[in-house]
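sequence first, then the predicted structure:
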Amino acid sequence: MKKIIAIAAALVAFASVAVAQPRAIGARLTYGAELSYQHGLGSNFAEFDLGMALGNHSGFTVSGIYDFLFPIENGFNFFVGPGAQFSAYTFKEAEQKVGLGIGGNVGIEYQFSGIPFNISVDYRPMWNFVGYSNWSSAALSFRYRF
């Protein structure tokens, strides 16, 4: 399990330095906590999240999303896009499960003017074609932009 976590962290780190600015790093708060990294790609962005489970199971989730960004006004943006996810968990009953799936992301963000900070709310459904059941989550995210 430690090897899988190390490999997932290395993949997220490699993907995060592979392209140019702007970038944002922060936290995505859902059923657990996720380290979230966004990287601008023209007028859109790629998002990579590394989540750690809380509660009655332990494990991690690695997600990659490509979001299309649609400016609304006054610092608000709407975003939507496809993505994929890999997860590995050990449940309370010592049962281990691995999941691989596809899904998407839809949300709204606010970029504060004058400070490099944004806040967003999103909804992310995922359908696993390998492993355990499908799921979805809503999240609140805080990111520092640089």
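Right, received. Where do you want to start?

need phi/psi at Gly114.
phi 90, psi -20 (degrees, to the nearest 10).

which residues sit against stretch 115-128?
24, 63, 65, 79, 83, 85, 99-112, 134-146 (C-beta atoms under 8 Å, 6 or more residues apart in numbering). Heads up, the C-betas are built off the backbone N, CA and C, glycines and all.

mind doing that once more with 7 Å?
Stretch 115-128 is contacted by residues 24, 85, 99-112, 134-146 when judged by C-beta atoms under 7 Å, 6 or more residues apart in numbering.

go on, stretch 26-36?
By C-beta under 7 Å, 6+ apart, stretch 26-36 touches 47, 49-54, 137-144.

where along this structure do the helices fall?
Ranges of helices in the chain, per DSSP state H, are 2-16.

give me the beta-bridge partners of the spatially most central residue of the chain?
Nearest to the mean C-alpha position of the chain, counting by C-alpha atoms, centre = their mean, stands Asp49 at 3.3 Å. Under DSSP bridges, the beta-bridge partners of Asp49 are Ser36, Ser63.
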